[in-house]
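Enquirer: Need coordinates for the below:
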Amino acid sequence: MAEARRATTRIDLQLGDDIEYSVTDALVRARKDVFRRLYTTRNLIAYGLWPTSLWNLGASVGIISGLMHYQSRHTVVPREFLWRQGEWFHIPAGCPYILKLLLMASGEGIAFFVGLLFVRRYLLRALLSYQGWLYEPPKRISLCTSMWALLVKLVSGYRPYTYTCQLSLPRMGVPSLSETCKKFLISVKPVLPEEEYNLLCKQASEFQKLTGPGVRLQKLLQLKSWLVSNWYSEWWEKYVYLRGRIPIAINSNYYILDQCYWKPTHIQCARAATVFSHAMRFKQLIERQELPPLLIRNVIPICMAQYERLFGTIRKPGEDQDKLLHCPRRRSKHVVVLRLGLHYRLEMFDKHGSLLPTSVIEQLLGWIVLDANKHVVSSQERSIPVLSSLPRTQWSRIYDDHFAYGPNQETMETIQESAFTAVLCDKAIPDLSERGAFCLAGGDPTSFWFDKSIHFIIFPDGHIAMNAEHAWGDAPVPGHLLEFCFTHEVLNHDSLYDSDGHCIPFCDMSSYKGSIYEPTRISWTMRPSLNTAIDEAVILSKAMCDDVDLVIECHNSYGKGLMKMQGDPRRLDPGGPPTCLLPGPGSDLSRLRERHDSVVCRRANRDRPGCNTAIQSICISHGGRHCI
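Expert: Numbering: from 1, shown residues only. Model (predicted):
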């Protein structure tokens, strides 16, 4: 109980002079807080002014001032017009000429700037509604699409922040009522008996009549589409994910693996320290809106809304519907590391607010490994994360009974407010298929918090993977995070790791003495009813893992390179139909099909109710370089 309370407090290492350090620390924190507020204000102003900028406002005021002051026969008309418009400000007659000129020019410049802001914003939204570029290959773009791309570039602002393009993205359109009913009937026809399908067709016709409810609901839907940017995303998140009552492990969560055969280091703590550090840098880029928005063909911006909930987000179980909780960034500066079922709070920033170097993080992770190996706790306490793999209603009731109050609530809040969770596994999994199954289904009941937005998995041999919850966002977002981490590892390998595989210190380690928060082990208050629930969850989790067949294969014998070598089939026989390049009986693709058939046969021979659908994943690499 004492350790659980201790988890929410920051434990200091020994300091040389407590009083002197506290004053210095307060001044440093005050300065950082001022700069943080200034950056936040700057980002808010830039977000509201995009695609224009304050430079456009200054230019508008300067040009209007010049036109009003400069006397020439070429500027008579605009000069007289601007002075007439300036009369609306009712400036006293005795006001000096320069002051009067500046006041009028400033007012008219601001008015012009606001008008330009909305014109550019809605013009960009109209331009981005064009979809003709989707049907043209990048190397053969029509003149119309080229002119459209040039207009988008001219109207768009320069150096956009992470979320500045959100206001200019086109809204999601509402399909017509007849089109919706038609597509719905087409989708259900293959799975319904003929009698039920005919009855459904009759009900759809009644639904579309003027006296039916469809017309009124369609108008309400159109009204909602005018008020929000995407009328569908809220319902999709609610009914597809949050109201689902089945376990999210396997059924909703997904996994991501690193490169199949290459790893920058074989030391577990060094690899974890580097990835943790780059992940926190990625988090800082998002919070400061310094991460450039993604662009398709360097022209079309992509919605970046999901990046906001990448870190510090957890799916809290509910009786009928779950809830996504997002922690403010000021409280989400630590990570929770699991080792042999024990939980540790690891602060990623020192007492001055600076991100810890990778060499320091490696030493702290090494301490966690040593500390976890010497502690003896019950198997139930080690297996508490397995509760997140239960059906959501069952997990919600256990949460309300054991984690909604007391020391367990404090421990759970530490996990909820963490930037992400991670597990330092105690055994390596060299086989690619077994590793993927482990990361998907949570083969170890002590290792996975499936409710957390992202959960890193670091193996003893240096390989790394991720398990991600699906309700908050889609796979490209954590994929972008891992790409950011791995790219820096590849490009800066010699400056990150030494010849032994350890992280290279960037500064004198003695300079961090007394300014680092030591890792804190957090524990739980166990009860007999909680122990029973954990034992049942472990049995259910193992049953779900046994019901999954995952096959991951890397092959490079057939792919884009082979097709390019063969040429266009139409050129070989212009008069005949195009042929298909199919691999022979002994190729890798044929062996994959045979292996898939064997997996399906094994699944068919199993006579167990409630089995999950077999999953097959084929990873294609070109020259053995990539495996996604």
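Enquirer: show me where the stretch 401-550 of the chain has strands.
Expert: For the stretch 401-550 of the chain, the strands defined by DSSP state E, counting those that start in this stretch occupy 421-424, 454-458, 464-468, 520-522, 550-555.
Enquirer: Parallel or antiparallel, which strands does the shortest one pair with?
Expert: It stands for strand 520-522. If you go by DSSP bridges, strand 520-522 pairs up with strand 342-347 (antiparallel).
Enquirer: State the next helix or strand along the chain beyond the strand it pairs with.
Expert: Downstream of strand 342-347, the first helix or strand assigned by DSSP states H and E is helix 358-374.
Enquirer: angle of that next one against strand 342-347?
Expert: Here helix 358-374 runs at an angle of 160 degrees relative to strand 342-347 (axes from the mean of the first three to the mean of the last three Cα atoms, to 10 degrees).
Enquirer: other SSEs contacting helix 358-374?
Expert: Contacts defined by 3 or more Cβ pairs under 8 Å, 6 or more residues apart in numbering; DSSP states H and E place helix 358-374 against helix 268-287, strand 334-339, strand 342-347, strand 421-424. Placement of C-beta: from N, CA and C, glycine included.
Enquirer: residues in contact with the helix or strand following that helix?
Expert: Going down the chain from helix 358-374, the next helix or strand is helix 379-382, by DSSP H and E. Around helix 379-382, the neighbours that count as contacts under Cβ atoms under 8 Å, 6 or more residues apart in numbering are Leu340, Gly341, Leu342, Thr446, Ser523, Trp524, Met526, Leu530, Asn531, Ile534, Asp535.
Enquirer: Nearest residue to the fourth one in space, ignoring adjacent ones along the chain?
Expert: Leaving aside its chain neighbours, Thr446 sits nearest to Gly341 (3.5 Å; criterion: Cβ to Cβ, 6 or more residues apart in numbering).
Enquirer: Verify the contact between that neighbour and Ser378 for me.
Expert: No: between Gly341 and Ser378 there is no contact, the gap being 9.4 Å when judged by Cβ atoms under 8 Å.
Enquirer: Pick out whichever of these two has more residues nearby.
Expert: Gly341 (22 against 12; other Cβ atoms under 10 Å).
Enquirer: which residues sit in contact with the more buried one?
Expert: Val377, Ser379, Glu381, Arg382, Ser383, Ile384, Pro385, Thr446, Ser447.
Enquirer: For it, give me the pLDDT.
Expert: At Gly341, the pLDDT value in this model is 89.
Enquirer: now swap in Val599 and tell me
Expert: 44.
Enquirer: swap in Pro92?
Expert: So, for Pro92, pLDDT stands at 80.
Enquirer: May I have the secondary structure class of it?
Expert: Look at Pro92: counting by DSSP: H, G, I helix; E, B strand; the rest coil, its state is coil.
Enquirer: what about the stretch 451-600 of the chain, any weak spots by pLDDT?
Expert: Within the stretch 451-600 of the chain, the stretches with pLDDT under 70 are 507-514, 556-559, 564-600.
Enquirer: sorry, back to before: dump the helices and strands packed on helix 358-374 to a markdown table, plus distance to Ile64.
Expert: Formatted as a markdown table, the helices and strands packed on helix 358-374 follow (distance: least, Cβ to Cβ, whole Å):
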| stretch | distance to Ile64 |
| --- | --- |
| helix 268-287 | 37 |
| strand 334-339 | 52 |
| strand 342-347 | 53 |
| strand 421-424 | 56 |
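Enquirer: Counting neighbours, which of the contacts of helix 379-382 end up buried?
Expert: The neighbour count (16 or more other Cβ atoms under 10 Å) marks Leu340, Gly341, Leu342, Thr446, Ser523, Trp524, Met526, Leu530, Ile534 as buried among those.
Enquirer: Which residue is the nearest non-sequential neighbour of the last one?
Expert: Okay, so that is Ile534. Nearest to Ile534 is Gln380, by Cβ to Cβ, 6+ apart, at 4.5 Å.
Enquirer: What is the burial count for that neighbour?
Expert: Neighbour count for Gln380, taken as other Cβ under 10 Å: 21.
Enquirer: Tyr405 now?
Expert: Residues lying near Tyr405 (other Cβ under 10 Å) number 10.
Enquirer: Quick check, pLDDT for it.
Expert: Looking at Tyr405, the pLDDT reads 90.
Enquirer: Tell me how far it lies from Leu169.
Expert: Distance, Tyr405 to Leu169, using Cβ to Cβ, to the nearest Å: 43 Å.
Enquirer: among the strands of the stretch 401-550 of the chain, which is nearest Asp494?
Expert: Ranking the strands of the stretch 401-550 of the chain by proximity to Asp494 (Cβ to Cβ) places strand 464-468 first, at 19.6 Å.
Enquirer: list the helices and strands the closest one packs on?
Expert: Here strand 464-468 touches strand 254-257, helix 268-287, helix 432-441, strand 454-458, helix 476-491, going by 3+ Cβ pairs under 8 Å, 6+ apart.
Enquirer: Quick one: the strands of the stretch 401-550 of the chain as a markdown table, columns for mean neighbour count too.
Expert: Converted to a markdown table, the strands of the stretch 401-550 of the chain look like this (neighbours: other Cβ atoms under 10 Å):
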| stretch | mean neighbour count |
| --- | --- |
| strand 421-424 | 25 |
| strand 454-458 | 25 |
| strand 464-468 | 24 |
| strand 520-522 | 20 |
| strand 550-555 | 18 |
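Enquirer: Of all the ones you listed, which one comes closest to Thr145?
Expert: strand 464-468 (35.2 Å).
Enquirer: So which residue of the protein lies furthest out from the middle?
Expert: The C-alpha centroid of the chain is most remote from Gly94, which lies 60.0 Å away (Cα atoms, centre = their mean).
Enquirer: residue contacts, that residue?
Expert: Gly94 makes no contacts at all, as judged by Cβ under 8 Å, 6+ apart.
Enquirer: Work out for me the element the residue lying closest to Val228 once chain neighbours are set aside sits within.
Expert: Nearest in space to Val228, with sequence neighbours left out and distances taken as Cβ to Cβ, 6+ apart, is Glu234 at 7.6 Å. Using DSSP H and E, Glu234 falls within helix 233-235.
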